[in-house]
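Chemist: Here is a sequence with its predicted model. Questions after.
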Amino acid sequence: MLAPAPTIHLQSVEKVFPNGVRGLAPLDLAVGQGELVSLIGPSGCGKSTLLKLIANLHQPSGGAVRWWGEDFSAIGREGRRLSFVFQDPTLMPWSNVATNVRLPLDLDGVPRAQAEARIMPALRQVGLEHAAKRYPAQLSGGMRMRVSIARALVTRPDLLLMDEPFGALDEFTRNRLDEDMARLCARDGLTTIFVTHSLYEAAFLSSRVIVMAADPGRIHAEYVIDPGMPRDEAFRMSDAFARICRDLTALLSEVSPHRAGEDGL
Amino acid sequence: MTVSPRAIAVAAPIAVGVLVLLAWQAACRLWHIPPYLMPAPTDIGASLAANGPALLHALRSTLAVTMAALAISVAGGVLSAFLLVQSRLIETSLMPYVIIMQVTPIVAIAPLIIILVKATMPALVVCATLIAIFPIISNTLQGLRSVDPGLESFFRMHKASRLQMLLRLRIPSALPMFMAGLRISSGLALVGAVVAEFVAGTGGSSAGLAYEILQSGFQMDIPRMFAALALITVAGLVLYGATAALQRLVLRRWQAQG
Ligand SMILES: Nc1ncnc2c1ncn2[C@@H]1O[C@H](COP(=O)(O)OP(=O)(O)OP(=O)(O)O)[C@@H](O)[C@H]1O
Ligand SMILES: [Mg+2]
């Protein structure tokens, strides 16, 4: 019997920008159905570049990206939906929360009545059903980010790409959103690729952490975390979590641009 | 007791205006300055009342030119901006001419326009439009370009059509810049109308406020000159206020309510 094709498969994918900068050295990566993979590494190591290649916002200079074993033209069909959450909420300031959330459905040509019916459930998932009629300028940063996540979830994606979605938020809000994310992804069996600067966030959410190194961007190491562990407040306080964080710290120090003995700031 | 900043914003300039008018009035009376040198505010008011119908008729003419020029500027300016934004080649080929049009002093080309366009009213409208259209073009163009790159990626990722991009992304993104341009243009349209009238120097039934000022000057009727000037100022203020209110109305949800 043939094994199902991985959700995402990067084969010797390489990115050289038009200005000659090598964003990514050729690398291979396969992400399976239901995995939550974090990308972590120093600034400039190509995390966003990798994510944009997967979202087809960049074209690889070499190698190929396959989605469910097919090319990008299959994306958007049933069972082949992709959502991207940017670092900034990137909401339309001229539209209210409900219209912002409906946008991807409108662009995908979902009939209006059907689209309308999906707004409130998506907002409920991020706890914002009371804010449907408000405008982005009237929301806090954390609420805007949650609208952005609702906009990503409303299409019922099969693959969710997130580029430091909570980077601009305070730790308290971030932890809460991380818990919400973990719950949602586990419930829907969502395949997620998550870029973060925070090893604690990576440790908390992921079933696998990819540690990347810079100059040129490449994969330095992979760290697998038992996905069976419930990702809740108790997990954050557990010894297992502490050990994961310690391991990740060690891996990150190997790729840090400021190694021991060198001058810092 | 606390006074709201809003109330201060209204009351303070009014207080300054009243004080200046009082000082002006007092100075004219105290030093017996003849009205043909510097009329007191009451002289101007009296002239305004005495010449009311004629001045209002002139005001109507000037406003007609202003509003026509503003309407053409909005329609033409927005269309031009859409044309220019279509491709870099179109923009680089045409933008220099838009700028040449902008930097050429209207007073210098107004006589030519008035000769070329035989009918007075259309000639005046053309002059005023040439002044007023530029902010609309440049602001709308900049607005159409000021699309949030993240949102643009989002639209592209969902394979949005050109029309969807235009209607749901570019036009709304351009709105704040367009409104700012409209506010500038409304003032310029009035300036353009008055300047064109000065240059044309036309009287008759369609004479505007500039003609009133010229005539009053010839006849040494200085209070009437000031009365016409006051009407131009009030018209400018009303236009500014109206476009500012429109801007607030259209953009009220963009900014956080304070
Ligand atoms: N459009 C581009 N043109 C040229 N070089 C680029 C472009 N985008 C990224 N780069 C370069 O590619 C490298 C990787 O950038 P990337 O944004 O992927 O890093 P990152 O890991 O996401 O960093 P950060 O954590 O700071 O977001 C950097 O050296 C960057 O300067
Ligand atoms: Mg990045």
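Modeler: Structure's in. What do you need? Ligands and ions are numbered 1, 2, ... in the order given.
Chemist: who's in contact with A:Arg183?
Modeler: Neighbouring residues of A:Arg183 by C-beta atoms under 8 Å, 6 or more residues apart in numbering or on different chains: A:Arg231. The C-beta positions use only the backbone N, C-alpha and C, and glycine is treated the same way.
Chemist: Can you tell me the element it falls in?
Modeler: Assigned by DSSP states H and E, A:Arg183 belongs to helix A:171-188.
Chemist: Could I get the buried residue list for that helix?
Modeler: A:173-175, A:177-179, A:181-182, A:184-185, A:188 (16 or more other C-beta atoms under 10 Å in any protein chain shown).
Chemist: Stretch A:56-73 too?
Modeler: Neighbour-count burial for stretch A:56-73 flags A:56-58, A:60-61, A:63, A:65-68 (criterion: 16+ other C-beta under 10 Å).
Chemist: In CSV, list those residues along with pLDDT, distance to B:Val65 and secondary structure.
Modeler: Putting the buried residues of stretch A:56-73 into CSV (pLDDT from 0 to 100; distance: C-beta to C-beta, whole Å; DSSP: H, G, I helix; E, B strand; the rest coil) gives the following:
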residue, pLDDT, distance to B:Val65, secondary structure
A:Asn56, 89, 54, coil
A:Leu57, 88, 51, coil
A:His58, 89, 54, coil
A:Pro60, 92, 60, coil
A:Ser61, 91, 59, coil
A:Gly63, 88, 65, strand
A:Val65, 92, 61, strand
A:Arg66, 91, 65, strand
A:Trp67, 90, 61, strand
A:Trp68, 88, 65, coil
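Chemist: Please look at A:Glu179 and A:Glu233 and confirm they touch.
Modeler: Yes: between A:Glu179 and A:Glu233 a contact is recorded at 7.3 Å, counting by C-beta atoms under 8 Å.
Chemist: Give me the neighbour count for the residue nearest to A:Arg80 when sequence neighbours are not counted.
Modeler: Nearest residue to A:Arg80, sequence neighbours excluded (C-beta to C-beta, 6 or more residues apart in numbering or on different chains): A:Ala74, at 5.1 Å. For A:Ala74, the neighbour count with other C-beta atoms under 10 Å in any protein chain shown is 13.
Chemist: got a list of what A:Ala74 touches?
Modeler: Residues in contact with A:Ala74 (C-beta under 8 Å, 6+ apart) are A:67-68, A:80.
Chemist: Ignoring the adjacent residues along the chain, who's closest to A:Ala168?
Modeler: Leaving aside its sequence neighbours, A:Ala168 sits nearest to A:Gly141 (C-beta to C-beta, 6+ apart; 6.2 Å).
Chemist: Sorry, wrong one. I was asking about A:Asn56.
Modeler: A:Asn56 sits nearest to A:Phe72 (C-beta to C-beta, 6+ apart), 4.7 Å away.
Chemist: Let's see the pLDDT reported for the one you found.
Modeler: Model confidence at A:Phe72, given as pLDDT, is 85.
Chemist: do you know how far it is from chain B?
Modeler: Going from A:Phe72 to chain B by C-beta to the nearest C-beta, to the nearest Å gives 10 Å.
Chemist: Check A:Leu103 too.
Modeler: Applying C-beta to the nearest C-beta, the value for A:Leu103 to chain B is 8 Å.
Chemist: Any buried residues in the helix or strand hosting that residue, and which?
Modeler: Secondary structure assignment for A:Leu103, by DSSP H and E: helix A:97-107. Residues of helix A:97-107 classed as buried by neighbour count (16+ other C-beta under 10 Å): A:97-107.
Chemist: Can you pull up the most central residue in chain B?
Modeler: For chain B, B:Gly187 is the residue whose C-alpha lies nearest the centre (C-alpha atoms, centre = their mean; 1.7 Å).
Chemist: Provide a list of residues in contact with that one.
Modeler: B:Gly187 neighbours (C-beta under 8 Å, 6+ apart): B:236, B:239-240.
Chemist: and it, that's in a strand?
Modeler: No: per DSSP: H, G, I helix; E, B strand; the rest coil, B:Gly187 lies outside any strand segment and is helix.
Chemist: Check the gap between it and B:Ser138 for me.
Modeler: For B:Gly187, the distance to B:Ser138 (C-beta to C-beta, to the nearest Å) stands at 15 Å.
Chemist: swap in B:Ala207?
Modeler: Between B:Ala207 and B:Ser138 the computed distance is 33 Å (C-beta to C-beta).
Chemist: buried ones in stretch B:149-165?
Modeler: B:150-155, B:157-158, B:160, B:164-165.
Chemist: between those residues, which is closest to ligand 1?
Modeler: Of all the buried residues of stretch B:149-165, ligand 1 sits closest to B:Ser153, with 12.1 Å by C-beta to the nearest ligand atom.
Chemist: In a helix, that closest one, correct?
Modeler: Yes: counting by three-state DSSP, B:Ser153 is part of a helix.
Chemist: could you pull out the helices for the stretch 51-200 of chain B?
Modeler: Per DSSP state H, counting those that start in this stretch, the stretch 51-200 of chain B carries helices over the ranges B:52-86, B:88-103, B:106-116, B:120-145, B:149-157, B:162-165, B:171-200.
Chemist: ugh, wrong one, the stretch 101-250 of chain A
Modeler: Taking DSSP H, counting those that start in this stretch as the test, the helices found in the stretch 101-250 of chain A are A:112-125, A:141-153, A:171-188, A:199-205, A:233-237, A:239-255.
Chemist: tell me how far the ends of stretch A:216-234 are from each other?
Modeler: Start to finish, the residues bounding stretch A:216-234 are 38 Å apart (C-alpha to C-alpha, to the nearest Å).
Chemist: quick one: average confidence on that stretch?
Modeler: On average, stretch A:216-234 scores 86.
Chemist: and what of stretch B:78-94?
Modeler: 87.
Chemist: Could you do stretch A:245-254 as well?
Modeler: Here the average pLDDT along stretch A:245-254 is 91.
Chemist: That one: which residues count as buried?
Modeler: Neighbour-count burial for stretch A:245-254 [16+ other C-beta under 10 Å]: A:245, A:247-248, A:251-252.
Chemist: nearest to ligand 1, of those residues?
Modeler: A:Leu252 (12.6 Å).
Chemist: What is the host helix or strand of B:Val20 packed up against?
Modeler: Element membership of B:Val20, judged by DSSP H and E, is helix B:5-30. When contacts are defined as 3 or more C-beta pairs under 8 Å, 6 or more residues apart in numbering or on different chains; DSSP states H and E, helix B:5-30 packs onto helix B:41-50.
Chemist: Residues in contact with the helix it packs on: which ones?
Modeler: Helix B:41-50 is contacted by residues B:21, B:24-25, B:28, B:35, B:39, B:55, B:221, B:223-224, B:226-227, B:230-231 when judged by C-beta under 8 Å, 6+ apart.
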